[in-house]
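Engineer: the sequence and its predicted three-dimensional model are supplied below.
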Amino acid sequence: MTISERLTEPALFKTGAYIGGKWTSGDKSFPVYNPANRQTLADVTDVGAEGAKTAIAAASEGLKRWKKTSPFERCRVLLKWYDLIQRYSDDLGTLITAEMGKPLREAKGEVAYGAAFIEWSAQEAARVHGETLPVAAPGARGWTLRQPVGVVSCITPWNFPAAMITRKAAPALAAGCSIVIKPAPETPLTALALAELADRAGFPAGVFNVICGDAQDLGPVMTGSPEVRMIGFTGSTEVGKLLMRQAADGIKRVSLELGGNAPFIVMDDADLDAAAAGVAQAKFRSGGQTCVSPNRIIVQEGVADAFVGRLQAKIASVKAGDGFDSASDIGPLIHDEAVDRVDALVKSAVAGGAKVLTGGQPLADELGGSFYAPTLLDGGSFDLEIARSEIFGPVASVYRASDETQIVQLANDTPYGLAAYLYTRDIGRVHRMTEELDYGMIGVNAPMVGSASTPFGGVKESGIGREGGKWGVEEFTELKYVLLAGVNG
Ligand code: ADP
């Protein structure tokens, strides 16, 4: 069955570019694969640098109208987009599973999670406002305006093909910005389906644009064009640094959600069953390919054996397989290079003294796609490469440490600072440790930290800016100050 045959609404299967309210296709294209079986799903138009320029010009036109629209109107259009996404949640889930690999129920969960940002941002549109300020001069008045930043370039990754777009697009559009989105080349089909639904929702031409193509061609135009005032990016720290350098020339605003090296800390007073379930939940979402995935599971020595036993039982029952098979708990990795990278990390950890308790090998031959076995490693040293870099795969790696002070020091010993997890029932520890951990988000006895109403983002090399909640919308606004001299002043 082809991908469009799987959809209830085949018109959501798009392979062109959505620019200035119109679908276009070009001569140049690139293939999109299903990582579960390596079959080609589609050939998608590569718009090249010229296409990126056209999209930015269209967004500049769209901005003129959209920024003057009433926030109540923006709210209505956004809610319409939200409703359409909910209506076609099964189809969007199908596209995500096909091009990214995650199990279908998880893909639909991502659609709901992503849609929640649209609903929240829509309602927030009317709450963007300035303030009246006291000023010294007699009779004078000062006030602030919150205005849209302008045209925003959004560059998104493949691990959440829908949510990483809605998390940027919705607040930007709510604030009155226009956007040009470049999805990852691995997962353009979900992005293009979202564009089709945005078109039906009624965003004016040019407000919402999606273009695909080679990052080397599109990237410099999306960061360098003078009309672009902000770059919203989720992806690797390496590319985030490059984009920030490119943005520096035009002093453009950046919002960057970058890599992580999340510690998952289990203290000796923790509920060990809840902690093991929490690791499994946080670790295997998107096959371990999330920036908030627990990367270093740090357990206090006294409970380490008991905890590892529980975790091993959980991980041994995690089943890898095609995301369209309802028996699969995790899908494939995004491609074969990802499998090779994860395998190399595991092999070097084992050479460095870690023990494989379950998994520890690619499943590509057995399952016919880019699969890696759900894996548990124990006893590694914090100096291993696997503890230093982002694993981005279904490998849980446990480390042992003695006391609170040492655990906080080890947890913070990384250039990253996105998410951390802390399992303890001691309220004193909760306060001390959450204040000392250098992370943007901390889940205490909670394995999932992100939601539409809360700030998502990191410190240190994990990024700048926050997505979600009122902060997410504020990112896309400029604060302007107006002083009106007193008539008799
Ligand atoms: P990953 O390694 O997980 O694919 P990347 O940071 O490479 O993460 O990719 C995230 C997004 O950034 C994708 O849309 C990708 O195409 C884009 N990207 C990669 N390199 C560049 C670049 N030089 N300029 C602009 N975008 C880029």
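Structural biologist: Perfect, I can see it now. Numbering: from 1, shown residues only.
Engineer: so where does the residue nearest to the spatial centre of the chain fall, helix or strand?
Structural biologist: Central residue of the chain (Cα atoms, centre = their mean): residue 164, 4.3 Å from the mean position. According to DSSP states H and E, residue 164 maps onto helix 163-175.
Engineer: which element is encountered next along the chain beyond that helix?
Structural biologist: Heading C-terminal from helix 163-175, the first helix or strand you meet, by DSSP H and E, is strand 178-182.
Engineer: residues touching that following strand, excluding its own?
Structural biologist: Here strand 178-182 makes contact (Cβ atoms under 8 Å, 6 or more residues apart in numbering) with 52, 55-56, 59-60, 62-63, 66, 150-156, 165, 168-169, 172-173, 191, 195, 206-213, 215, 218-219, 222, 228. Glycine gets a C-beta too; all of them are placed from N, C-alpha and C.
Engineer: mind checking the end-to-end distance for stretch 393-405?
Structural biologist: Its first and final residues considered, stretch 393-405 spans 29 Å by Cα to Cα, to the nearest Å.
Engineer: I'd like the mean pLDDT over that stretch, please.
Structural biologist: Mean pLDDT, stretch 393-405: 97.
Engineer: for that stretch, buried residues please.
Structural biologist: Of the residues in stretch 393-405, 393-401, 404 count as buried by neighbour count, 16 or more other Cβ atoms under 10 Å.
Engineer: then stretch 124-141?
Structural biologist: Neighbour counts over stretch 124-141 (16+ other Cβ under 10 Å) mark 124-125, 128, 135 as buried.
Engineer: picking up where we left off before, tell me who's in contact with the residue nearest to the centre of the chain.
Structural biologist: Residues near residue 164 by Cβ under 8 Å, 6+ apart: 114, 156-157, 234.
Engineer: and if we set it to 10 Å?
Structural biologist: 110, 114, 154-158, 181, 183-184, 187, 190-191, 232-235, 257, 467 (Cβ atoms under 10 Å, 6 or more residues apart in numbering).
Engineer: now do residue 426
Structural biologist: Counting by Cβ under 10 Å, 6+ apart, residue 426 has contacts 267-270, 404, 432-433.
Engineer: please apply the same query to residue 4.
Structural biologist: Taking Cβ under 10 Å, 6+ apart, we find residue 4 in contact with 10-15, 41-42, 91, 94-95, 189.
Engineer: would a markdown table of those with neighbour count and secondary structure be doable?
Structural biologist: Formatted as a markdown table, the contacts of residue 4 follow (neighbours: other Cβ atoms under 10 Å; DSSP: H, G, I helix; E, B strand; the rest coil):
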| residue | neighbour count | secondary structure |
| --- | --- | --- |
| 10 | 12 | helix |
| 11 | 11 | helix |
| 12 | 24 | helix |
| 13 | 21 | coil |
| 14 | 24 | coil |
| 15 | 18 | coil |
| 41 | 19 | strand |
| 42 | 22 | strand |
| 91 | 24 | helix |
| 94 | 26 | helix |
| 95 | 31 | helix |
| 189 | 28 | helix |
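Engineer: what's the closest of those residues to the ligand?
Structural biologist: In terms of Cβ to the nearest ligand atom, no member of the contacts of residue 4 lies closer to the ligand than residue 189, at 13.9 Å.
Engineer: ok, the closest one touching residue 40?
Structural biologist: No. Applying Cβ atoms under 10 Å as the test, residue 189 and residue 40 come out as separate, 11.9 Å apart.
Engineer: the top helix by length along the chain vs helix 163-175, what angle?
Structural biologist: If each helix of the chain is counted by residues according to DSSP state H, the longest one is helix 104-124. If you take axes from the mean of the first three to the mean of the last three Cα atoms, to 10 degrees, helix 104-124 sits at 10 degrees to helix 163-175.
Engineer: quick one: average pLDDT of helix 104-124?
Structural biologist: Here helix 104-124 scores 98 as its mean pLDDT.
Engineer: before we move on, what about stretch 221-231?
Structural biologist: For stretch 221-231, the mean pLDDT works out to 98.
Engineer: rewinding a little: so which of the buried residues of stretch 124-141 are also by the ligand?
Structural biologist: Contacts with the ligand are made by none of the buried residues of stretch 124-141, judged by Cβ under 6 Å from any ligand atom.
Engineer: looking at these, which is nearest residue 71?
Structural biologist: Minimum distance to residue 71 across those is 4.1 Å, recorded for residue 125 (Cβ to Cβ).
Engineer: my guess is the closest one contacts residue 172, does it?
Structural biologist: No. Using Cβ under 10 Å, residue 125 is not in contact with residue 172; the gap is 11.0 Å.
Engineer: between the two, which contacts overlap?
Structural biologist: Both residue 125 and residue 172 are contacted by residue 473, under the criterion Cβ under 10 Å, 6+ apart.
Engineer: in the protein, what spans have low per-residue confidence?
Structural biologist: 488-489 (pLDDT under 70).
Engineer: what residues does it have near the ligand?
Structural biologist: Residues of the chain found near the ligand (Cβ under 6 Å from any ligand atom) are 155-157, 182, 184-185, 215-216, 219, 235-236, 239, 242.
Engineer: and residue 326, what does it touch?
Structural biologist: Neighbour list for residue 326: 103-105 [criterion: Cβ under 10 Å, 6+ apart].
Engineer: of the contacts of residue 164, which belong to helices?
Structural biologist: Among the contacts of residue 164, DSSP H puts 110, 114, 190-191 in helices.
Engineer: closest one of those residues to residue 314?
Structural biologist: Nearest to residue 314 among the ones in helices among the contacts of residue 164, counting by Cβ to Cβ, is residue 110 at 22.3 Å.
Engineer: which residues in the stretch 351-489 of the chain form helices?
Structural biologist: Taking DSSP state H, counting those that start in this stretch as the test, the helices found in the stretch 351-489 of the chain are 364-367, 385-388, 404-412, 427-436, 469-474.
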